[in-house]
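# after the sequence you'll find the predicted model.
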Amino acid sequence: MLGYYLTLALRSLRRNPALTALMVLTIGVGIGAAMTTLTVFRAMAADPIADHATQLFAPQIDAWGLGANGPNPDHLSDQLGYIDATALMRAHAGERQTVLYKTQFAVWPPQSQSQSQLPPFRAGARAAYADFFRMFDVPFRYGGPWSSADDQGHVPVVVISRELNDRLFGGANSVGRVLRLDADVFRIVGVLARWDPVPRYYDPQDAFGGTPEDVFLPFTTAIDLRKHSSEGGPCVAPTPPGWDGLLRSDCTWL
């Protein structure tokens, strides 16, 4: 009986080759779309850092008071203001902890003979504390993170991505070399291995967009340099003028 039905099906397919091709194509596109959706769902539903998921916490603080959070008073910002963030760092309630924010620099390539024609370009940067690299299992190709003493001393050091190291130094070990960012000079202490976590779980503001940062520097150094956040954040009241006014304000950007 099965052979009989297969014979009828083949005869029908031969009578309408165009319709047959369209049906096969439609079924193929449907299967492809379903598998793509399932793959994306599986990737996004997976725990991106399972070893540390139960140990990582992102604090939220009602910095503005009752009624200032919009129609949903229980919805708190994913970001913190400078006063709250630095107070949490001083309290040191966690074994490891960091404040983060995203910014940008103009990178001035080293003017060696091989890279003399490479013009300056902009690169994304992440201001953080030294614990960041251990908290999120960031892999290194050369060197390592800066120290807690560098955080406290506001030292101009950087960790750069593998991609930036390849672009500027041809992939060689650049630890100990200097790199000019904007008008300031930094010493390279580490070069990352290939690392592009998706989602970017350490950045709740831009977890599924943008590109990974090429430069990491101490938070304290970035604050000294008055580097503004490239992601910004809301304010409930007018911000006092100047950089010091931003640090004293209730704006959430960290």
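Alright, I've got the coordinates.
# wait, what's in contact with residue 180?
Residues in contact with residue 180 (CB atoms under 8 Å, 6 or more residues apart in numbering) are 107-108, 186. C-beta coordinates here come from the backbone N, C-alpha and C atoms, glycine included.
# reformat the residues you listed as CSV; add neighbour count, secondary structure and pLDDT.
Below are the contacts of residue 180 laid out as CSV (neighbours: other CB atoms under 10 Å; DSSP: H, G, I helix; E, B strand; the rest coil; pLDDT from 0 to 100):
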residue, neighbour count, secondary structure, pLDDT
107, 22, strand, 96
108, 17, strand, 94
186, 22, strand, 97
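# which of those sits closest to residue 131?
Nearest to residue 131 among the contacts of residue 180: residue 186, at 19.6 Å, using CB to CB.
# pLDDT at residue 71, what is it?
Looking at residue 71, its pLDDT reads 52.
# next: the one 5 residues further on.
pLDDT recorded at residue 76 is 80.
# surely it meets residue 64?
No: assessed by CB atoms under 8 Å, residue 76 is found out of contact with residue 64, at 9.5 Å.
# if we can go back for a sec, which of the contacts of residue 180 lies closest to residue 16?
Ranked by distance to residue 16 (CB to CB), these are led by residue 107 at 61.5 Å.
# next one: phi and psi at the residue lying closest to the closest one once chain neighbours are set aside?
Distances taken as CB to CB, 6 or more residues apart in numbering place residue 123 nearest to residue 107, at 4.9 Å, with adjacent residues excluded. Main-chain torsions, residue 123, degrees, to the nearest 10: phi -140, psi 140.
# residue 210 contacts residue 126, correct?
No: look at residue 210 against residue 126 with CB under 8 Å: they stay out of range, at 11.2 Å.
# those two: who's more crowded?
residue 126 (20 against 14; other CB atoms under 10 Å).
# tell me which element that one is part of?
Here residue 126 sits within strand 121-128, counting by DSSP states H and E.
# which strands or helices does that strand pack on?
Under the contact definition 3 or more CB pairs under 8 Å, 6 or more residues apart in numbering; DSSP states H and E, strand 121-128 sits against strand 101-108, strand 215-218, helix 219-224.
# give me whichever of those is most buried.
Burial of the helices and strands packed on strand 121-128 is given as mean neighbour count (mean count of other CB atoms under 10 Å); strand 215-218 ranks first at a mean of 25.
# any idea of the mean pLDDT in it?
On average, strand 215-218 scores 98.
# contacts for it next, please.
Applying CB under 8 Å, 6+ apart, the external contacts of strand 215-218 come out as 105, 107, 123-130, 132-133, 146, 150-151, 154-161, 164, 181, 186.
# alright, I will stop here.
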